[in-house]
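[1] Task: produce atomic coordinates for the following.
(4 chains)
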Protein chains: 2
Amino acid sequence: MVSPIRLLLADDQALVRGALAALLALEPDLLVVAEVGRADDVVAAAVGNHADVCLLDIEMPGSSEVPDGIAAAAALRRDAPGVRSLMVTTFGRPGYLRRALEAGASGFVVKDTPAPELADAVRRVHAGLRVVDPLLAGESLAGGANPLTEREAEVLRVALDGVPVARIAERVHLSAGTVRNYLSSAIGKTGTATRVEAARLARDRGWI
Amino acid sequence: MVSPIRLLLADDQALVRGALAALLALEPDLLVVAEVGRADDVVAAAVGNHADVCLLDIEMPGSSEVPDGIAAAAALRRDAPGVRSLMVTTFGRPGYLRRALEAGASGFVVKDTPAPELADAVRRVHAGLRVVDPLLAGESLAGGANPLTEREAEVLRVALDGVPVARIAERVHLSAGTVRNYLSSAIGKTGTATRVEAARLARDRGWI
DNA sequence: ACCTGCGGATGACAGGTGTCACGGGCAACG
DNA sequence: CGTTGCCCGTGACACCTGTCATCCGCAGGT
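    Below you'll find the model as predicted:
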């Protein structure tokens, strides 16, 4: 008998975490050795429990250095290179996929893939293969590269919740005029009409 | 040996659905008899499989008559009064809770409750008790009643994604000036500064 | 018939927003 | 060195938005 694949589950929703653990426990060659609910707890738990593969949700609370699951994958590659990351996320946004792969994730599945395929994905990732939803991979290529500058992205992140320009300006420590210039530029690049539309499109594309 | 509680799982994310099924299968007195991924499939599957309790996600695709899990709960009460509904949702928005209870749901738990409590909640609901997250119940009362008129709510729903007033107007078949009046009124009632902020607050309160 | 309330619309106004042109500073690159 | 590109800012302009007062039509009450 070979030793089982050691898994870490990272998802902020305890119910989903527990349910995934129950699902994966049905596979004799898989062993869940740790569960965490925050992105900044991933590395320590992975190292401490000698995990082989980490299942990471993207939308997760965390610290400013490790704010989400993608950052956790990057931190794993840096601090625990032997551990592989498999993103398991709700939103199949093309930019999420691209950013996750850039961060060093070995796989990417969305939460509406059939349950039986998850264990297979884990085994593939553990074997050193890449696992990517083929439909999503196509969309990701069609989406194109991020045309936004860092400042434009920063301003758009704040613009997401619809606050007035003045408040965006004080949050990012810029003048209101400068913020309007960045927003105008971003609106032009995204082909939208308002800053909120631009921000939402940029988010769906994974540009911010 | 008493007969087990017969469950229906409704969640659009197949992975979560399967994982919940695995989790609940660990309980000897529970039996998952059906799984669906759309709100408008709930009633038929519940009746056809003689379900006792339905676990319903709120954010689910559906038809125009039964667009989400809350509508599914209402449909169940109308067409299958013996079946009880337990909402299992990601977002603990106070208005969701209120609307779910008005729709006839017997319970409401959020997805970050600990996994072991889910089976307990199912048993309580099956026994005829109400199960409500106590923290959420407090927020719901604090949130207060919906101060918006039907038109204000309708306009805010479209305003959610940040489109300009002109496009809102054509979508709801009103003049642009009238839309601005409703938006202004809604902004005043919500104490916000822009239509997008007002729309987001109204959504979080469950007013739209 | 009268008043009242409400949905819808209009017009006017101040202030916010999107666009553009332009300026200076700075780092990277040929 | 000059050029390029991004950063940050300013000022001006047209347009959009949020606010307010006002009006019309229509249904309910009395």
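
[2] For chain A, which segments count as strands?
    A:5-10, A:30-36, A:53-56, A:84-89, A:107-110, A:131-132 (DSSP state E).

[3] Would you tell me which one of the ones you listed is buried the most?
    Ranked by mean neighbour count, the strands of chain A are led by strand A:53-56 with a mean of 28 (mean count of other C-beta atoms under 10 Å in any protein chain shown). In this view, the C-beta of every residue, glycine as well, is placed from N, C-alpha and C.

[4] Alpha carbons of that one, in PDB - could you do that?
    Provided in PDB are the C-alpha atoms of strand A:53-56 (Å, rounded to 0.1, in the frame of the first residue of the first chain):
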ATOM      1  CA  VAL A  53      -1.700  19.200  -2.300                       C
ATOM      2  CA  CYS A  54      -3.600  22.300  -1.200                       C
ATOM      3  CA  LEU A  55      -7.200  22.900  -2.400                       C
ATOM      4  CA  LEU A  56      -7.500  26.700  -2.400                       C
END
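
[5] Tell me how far it lies from the chain's centre.
    12 Å (C-alpha atoms, centre = their mean, to the nearest Å).

[6] Which other helices and strands does that strand contact?
    strand A:5-10, helix A:42-48, helix A:69-79, strand A:84-89, helix A:116-126 (3 or more C-beta pairs under 8 Å, 6 or more residues apart in numbering or on different chains; DSSP states H and E).

[7] before we move on, the earlier item: out of the strands of chain A, which is closest to residue B:91?
    Taking C-beta to C-beta, strand A:84-89 is the member of the strands of chain A nearest to residue B:91, at 16.5 Å.

[8] Can you tell me the strand partners of the closest one and which way each runs?
    In the sheet containing strand A:84-89, the strands it pairs with under DSSP bridges are strand A:53-56 (parallel), strand A:107-110 (parallel).

[9] okay, the angle between it and strand A:5-10?
    40 degrees (axes from the mean of the first three to the mean of the last three C-alpha atoms, to 10 degrees).

[10] Pretty sure residue A:140 is one of the things residue A:98 touches, is it not?
    Yes: contact criterion C-beta atoms under 8 Å: residue A:98 and residue A:140 qualify, at 5.4 Å.

[11] Quick check: residue A:193 touching residue B:163?
    Yes: using C-beta under 8 Å, residue A:193 is in contact with residue B:163, at 7.4 Å.

[12] quick one: least confident helix or strand in chain A?
    helix A:134-143 (a mean of 75; mean pLDDT, DSSP states H and E).
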